[in-house]
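Visitor: Here you go, sequence then predicted model.
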Protein chains: 2
Amino acid sequence: MPVKLTAPQASSLLPVRGVQLGFAEAHIRKPNRKDVLVMTLVEGSKVAGVFTLNQFCAAPVILCKDFLAQKSDIRALLVNTGCANAGTGEDGLNRARQTCEALGDLLNLQANQILPFSTGVILEPLPTDKLISGLPDAIENLKEDNWLNAAEAIMTTDIVAKGTSRRIMLDGKQITITGMSKGSGMIHPNMATMLGYIATDANVTQSALESITHYAVNKSFNCITVDGDTSTNDSLILMATNQAGNTEVTESSTSFIALRDAMTDVAIELAQAIVRDGEGATKFMTINVEGGRDEVECRKVAYAIAHSPLVKTAFFASDPNLGRILAAIGYAGVDQLDVNILKLYLGDVLVAENGGRASAYLEEQGSAVMKESEILVRVDLARGKASCTVWTCDFSYDYVKINADYRS
Amino acid sequence: MPVKLTAPQASSLLPVRGVQLGFAEAHIRKPNRKDVLVMTLVEGSKVAGVFTLNQFCAAPVILCKDFLAQKSDIRALLVNTGCANAGTGEDGLNRARQTCEALGDLLNLQANQILPFSTGVILEPLPTDKLISGLPDAIENLKEDNWLNAAEAIMTTDIVAKGTSRRIMLDGKQITITGMSKGSGMIHPNMATMLGYIATDANVTQSALESITHYAVNKSFNCITVDGDTSTNDSLILMATNQAGNTEVTESSTSFIALRDAMTDVAIELAQAIVRDGEGATKFMTINVEGGRDEVECRKVAYAIAHSPLVKTAFFASDPNLGRILAAIGYAGVDQLDVNILKLYLGDVLVAENGGRASAYLEEQGSAVMKESEILVRVDLARGKASCTVWTCDFSYDYVKINADYRS
């Protein structure tokens, strides 16, 4: 079961004026599940995105980057599950383009006005016929009040749909922000395909939207994945439909910070939801590393802890085997680390200092914290002022089961 | 069950003249198991070692490096299981030194003539009283023909004892080489404590023995662990007792290569045995990466594949989900990698080329290879002449079980 995460109520996902969503069951991999999603954007919408840095990036990622670079007035998004269309070479690009053309024909758009996304098994050809045959159904049920169905349509090994909304006021106008995400292979986040879509009806410049996108991803999705080490298909898209009637938000507007922070707040909730729904997860861990010389070394330490299977299995077992955390700190690759001055805390409990176990520490204290479903691990490197936060989950039998059975 | 690995017969582990081994049950962590090993070396023996680069290295590792640097005529080794004496600060150093002093008193040696080694749980104090109380028993049963008992005494989560012997002729003299190793946490080799001890009765200079040590570790134990990313306690020790009567081997002797290669051969078998006995392992995988610009980038790719939990669970499931291997290659961090020219083979089967699945590849071919218990993964980066080999194992339910239960 996901860690303190339940699917949102349909009524809690607020429609965003100018965004319509429609789904279909196209039998791409399995019958009787929503596996195609179409999103349309009203004329005048702005779109910005960030994508995986994996060199084996998927065909749809290549097209998305190309179409966004063309500034081609993006008016629709097309998402399929069941097949990642990655590791598919030139043929994969052709197939992705073909699905954009097919949707363009139905919506009276050019292919390059449609951003394609795929998630699922790598190295298999995209079944374009099935996908395209599902498009009329998806267009048939396009509507603004369809976010929960949409969030369900993009799930793969996710147990629950992930979505959330915020409302803020800008210039006396009500602004709605709604987002959804998918992804659950978070035990080693490098390999998880994460898709995130966040829409607002605000009026905002392209430049300001791009600035918000980069800010938001660094505070959210990039805290659950290693810079540069991402899956073949990871994508985060921000959309703004200019339907709210507010004064255009630029990077120097007084309203910029409010919009940026609200959209970032949605991104953080969506990113954390992916960890909470991590494959087989039973615990949600926040790793705070502070007192570093720079953020890079803080992230090295946080990810060494977050990635260690030995640490993760100890958390699964509620076993305060904290030496495994020290070992991870020791091999994180921090230059000239002085292990005698750093401090390790589990929740509020000081566990290690002076290169060893803290003298006042009692194992019962560690055990009490480890039994919680939300656990804070805090490392103070005591050599500077930089810090970072990373979220991760534990490592259970079910992780192996889910990933050993994924294609069967 | 380990992958094609059974415990050696006692008779197959040949005594090395000048090396005596004795064990004890000291109840350091659990009753009724051998957990203390004493090895003694005849006067005039040479000793060389390589150790973990983990910055949280254990107290015994610090002492070993110190004593070897002092060139203090090492005459005995003391190994305990059940407690790693790591993350134990100044107190840990005192305790390790105390055990060397106690053994020195019994053997009439100085403390710095004894190399200490510990493996087991981190962050807990070494129970010196228990360890020291076991020493008389261990000394009582010191004998040359005791390698299997010794190999059993250093086991932790290992399922089978690991040891092997070789005999070669140098200058018409018979030379014996016998080694043993422990370690099984190989799913993420960074964290496994690996101990290896290889002894020969050959006459060899200190300099030549050190040269052999570095050569051997790079061809063996360093192919199952990442450079610089090692556990708190990893240690490999080579010993030469000068009892065989051969002419002294120097780095320029004609016999140097023969001795080096035979000792390296033992090291490779011991290193591979650790992977074959990997926690929960059901498959033994050899990852060959060739055609790289340099060895560093070959190792990046090999380790990205070898460390990926998604790849490892697919191997456990005998599922030719090879896209996961492509994804790992893609995020390995190789600069300017051209995914369209590299080739991926599973055994002899060409799986991927031109950025996607090879046109002649049939899933049945991949499935047939994946059902084997020994699997070769080969990547040709097609951009240079460098290559590397890494050994690893798959990732099963039992890995989680073993590591979640390790302290209970």
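Guide: Yep, it's here.

Visitor: Run through the stretch 51-200 of chain A and note the low-pLDDT ranges.
Guide: A:184-192 (pLDDT under 70).

Visitor: now the helices: where do they sit in it?
Guide: Along the stretch 51-200 of chain A, counting by DSSP state H, counting those that start in this stretch, helices occupy A:59-69, A:89-107, A:128-140, A:147-153.

Visitor: Among those, which comes closest to B:Asn242?
Guide: Of all these, it is helix A:89-107 that lies closest to B:Asn242, at 61.0 Å by C-beta to C-beta. (Glycine included, C-beta is placed from N, CA and C.)

Visitor: List the buried residues for that closest one?
Guide: Of all the residues in helix A:89-107, those buried under the rule 16 or more other C-beta atoms under 10 Å in any protein chain shown are A:89, A:91-93, A:95-104, A:107.

Visitor: Return the residues of the stretch 301-408 of chain A in contact with chain B.
Guide: Taking C-beta under 8 Å from any C-beta of the partner chain as the measure of proximity, the stretch 301-408 of chain A contacts chain B at A:308-310, A:313-314, A:316-317, A:319, A:321-324, A:326-331, A:333-334, A:337, A:339-340, A:352, A:354-357, A:395-397, A:399-401, A:403-408.

Visitor: What subset of the residues you listed is buried?
Guide: Buried among those by 16+ other C-beta under 10 Å: A:308-310, A:313-314, A:316-317, A:319, A:321-324, A:326-331, A:334, A:337, A:339, A:352, A:354-357, A:395-397, A:399-401, A:403-404, A:406.

Visitor: so which two of the buried residues of helix A:89-107 are the farthest from each other?
Guide: The most widely separated members of the buried residues of helix A:89-107, counting by C-beta to C-beta, are A:Gly89 and A:Leu107 (27.9 Å).

Visitor: Residues touching stretch A:369-383, excluding its own?
Guide: For stretch A:369-383, contacts defined as C-beta atoms under 8 Å, 6 or more residues apart in numbering or on different chains pick out A:3-4, A:282-293, A:297-298, A:301-302, A:305, A:315, A:318-320, A:325, A:329, A:334, A:337-338, A:341-347, A:349.

Visitor: next one: stretch A:24-31
Guide: Here stretch A:24-31 makes contact (C-beta under 8 Å, 6+ apart) with A:32-36, A:38, A:80-83, A:120-121, A:127, A:130-131, A:133-135, A:137-138.

Visitor: could you redo the last one with a cut-off of 7 Å?
Guide: Outside of stretch A:24-31, the residues within contact range by C-beta atoms under 7 Å, 6 or more residues apart in numbering or on different chains are A:32-36, A:80-83, A:120, A:127, A:130-131, A:133-135, A:137-138.

Visitor: Surely A:Tyr215 is within a helix?
Guide: Yes. Per DSSP: H, G, I helix; E, B strand; the rest coil, A:Tyr215 lies within a helix segment.

Visitor: Which residue ranges make up each domain of chain A?
Guide: A:10-276, A:284-404 (automatic domain parsing).

Visitor: want to throw those domains into JSON lines with distance to B:Ala271?
Guide: Below are those laid out as JSON lines (distance: least, C-beta to C-beta, whole Å):
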{"stretch": "domain A:10-276", "distance to B:Ala271": "24"}
{"stretch": "domain A:284-404", "distance to B:Ala271": "19"}
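
Visitor: Out of the ones you listed, which is closest to B:Met239?
Guide: Between B:Met239 and these, the tightest spacing by C-beta to C-beta is seen for domain A:284-404, at 27.4 Å.

Visitor: Pull the contacting residues for A:Met169.
Guide: By C-beta under 7 Å, 6+ apart, the neighbours of A:Met169 are A:Ile175.

Visitor: That one and chain B, how far apart?
Guide: As judged by C-beta to the nearest C-beta, to the nearest Å, A:Met169 and chain B stand 42 Å apart.

Visitor: circling back: same list, the buried residues of helix A:89-107, but only the ones touching chain B.
Guide: Among the buried residues of helix A:89-107, proximity to chain B is found for A:Gly89, A:Asp91, A:Gly92 (C-beta under 7 Å from any C-beta of the partner chain).

Visitor: Surely the second one touches B:Gly356?
Guide: Right, the one you point to is A:Asp91. Yes. At 6.5 Å, A:Asp91 counts as touching B:Gly356 under the criterion of C-beta atoms under 7 Å.

Visitor: what kind of secondary structure is the residue located most distally from the centre of chain A in?
Guide: Centroid-distance maximum for chain A: A:Ser359 at 40.3 Å, with C-alpha atoms, centre = their mean. Using three-state DSSP, the secondary structure recorded for A:Ser359 is coil.

Visitor: Quick check: phi and psi on it?
Guide: phi -60, psi -30 (degrees, to the nearest 10).

Visitor: what ranges do the strands span in the stretch 151-300 of chain A?
Guide: Along the stretch 151-300 of chain A, the stretches classed as strands by DSSP state E, counting those that start in this stretch are A:162-170, A:173-182, A:195-200, A:235-240, A:284-292.

Visitor: ok, A:Pro320 - contacts?
Guide: A:Pro320 makes contacts with A:Leu346, A:Glu363, A:Gly366, A:Ser367, A:Met370, as judged by C-beta under 7 Å, 6+ apart.

Visitor: no no, A:Met239
Guide: Per C-beta under 7 Å, 6+ apart, neighbours of A:Met239: A:Val19, A:Leu41, A:Ser45, A:Val47, A:Ala199.

Visitor: hey, what's the nearest residue to it once chain neighbours are set aside bridged with?
Guide: Here the nearest residue to A:Met239 in space, its sequence neighbours aside, is A:Ala199; by C-beta to C-beta, 6 or more residues apart in numbering or on different chains that works out to 4.3 Å. For A:Ala199, the beta-bridge partners under DSSP bridges are A:Thr178, A:Met239.

Visitor: A:Ala199 contacts A:Gln20, correct?
Guide: No. If you go by C-beta under 7 Å, A:Ala199 and A:Gln20 don't touch, sitting 10.6 Å apart.

Visitor: which of these two has more neighbours?
Guide: When A:Ala199 and A:Gln20 are compared for neighbours, A:Ala199 comes out ahead with 30 against 20, by other C-beta atoms under 10 Å in any protein chain shown.

Visitor: Report the contact partners of that one.
Guide: By C-beta under 7 Å, 6+ apart, the contact set of A:Ala199 is A:Val16, A:Val19, A:Thr178, A:Met239, A:Thr241.

Visitor: Roughly how far does it sit from chain B?
Guide: With C-beta to the nearest C-beta as the criterion, A:Ala199 and chain B are 29 Å apart.

Visitor: Using the three-state scheme, assign A:Ala26.
Guide: Applying three-state DSSP: A:Ala26 is coil.
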